[in-house]
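In: next one to model:
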Amino acid sequence: MPATTRHSLVHLAVSILLVVLVGGCAGQTDKPSTAASTTTVAPTTTTLPPLTAEERAWLKAIPTVSRKIEKSLEAISDLTPAAMARLATTFRSCTRELVRGGSPSERLQPVYVLVKKACKEYDKGAACFATAASVGIPFAGSPGERKQSKAIDCGFAAPGKAGLAIADAESKGAEIKAEVG
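Out: Now for the predicted structure:
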């Protein structure tokens, strides 16, 4: 085939292609395709899921630990070294039972922060009672008696400071529970 014929055939093919393309697009506007316009977006929901069993159990443990510590204080009739050692152990239960595992969820983080604050105070009190118990039974007026007395005062100060944070934690937990169910 001569070059001029081949050149003419290419022009003819390109012309036909342009006619088909222009004709196929005639009468259409720049709207998106119907497939794209029919996609729907699911509405976002603001309802929070109810508390999990783990979250409920953790919230329930807060007043339980608090009552355990209160009862241990009420049970002290004689402040012996053994009784002070028991108080130290009981005070440490706050951290053992409520803090070590961490917050059960992100939404309970405000409660967890308050619980950590309370347990920190109980831990201070536990250290004080452990110190007081380690002195044993000192002689009146001795340096050991002064050390023990100071440690006992420190130990008994802890429940007051910690109790406020625990009460706040219980209150915040009740708010969250009421909010999500």
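
In: can you spell out which helices and strands pack onto the helix or strand containing Ala158?
Out: According to DSSP states H and E, Ala158 maps onto helix 143-180. Under the contact criterion of 3 or more CB pairs under 8 Å, 6 or more residues apart in numbering; DSSP states H and E, helix 143-180 touches helix 53-74, helix 81-94, helix 109-135. Any C-beta I mention is one placed from the backbone N, CA and C, and that applies to glycine too.

In: mean neighbour count and distance to Gly102 added to the ones you listed, as a markdown table?
Out: Formatted as a markdown table, the helices and strands packed on helix 143-180 follow (neighbours: other CB atoms under 10 Å; distance: least, CB to CB, whole Å):
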| stretch | mean neighbour count | distance to Gly102 |
| --- | --- | --- |
| helix 53-74 | 15 | 10 |
| helix 81-94 | 20 | 14 |
| helix 109-135 | 21 | 7 |
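
In: got CSV for those, with distance to Ala178 too?
Out: Formatted as CSV, those follow (distance: least, CB to CB, whole Å):
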stretch, distance to Ala178
helix 53-74, 12
helix 81-94, 24
helix 109-135, 13
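
In: contact partners of stretch 108-121?
Out: With contact meaning CB atoms under 8 Å, 6 or more residues apart in numbering, stretch 108-121 is reached by 55, 58-59, 62, 94-95, 98-99, 102-103, 158, 161-166, 168-169, 172-173, 176.

In: mind putting the helices and strands packed on helix 143-180 into TSV with mean pLDDT?
Out: Shown next, in TSV, are these (pLDDT from 0 to 100):
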stretch	mean pLDDT
helix 53-74	95
helix 81-94	97
helix 109-135	97
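
In: can you say which of those helices is nearest to Gly181?
Out: Gly181 sits nearest to helix 53-74 of all the helices and strands packed on helix 143-180, at 10.5 Å, using CB to CB.

In: show me how far the closest one is from its chain's centre.
Out: With CA atoms, centre = their mean, to the nearest Å as the basis, helix 53-74 stands 18 Å off its chain's centre.

In: wait, Cys128 sits on Pro159?
Out: No: taking contacts as CB atoms under 8 Å, Cys128 lies outside contact range of Pro159: 11.4 Å.
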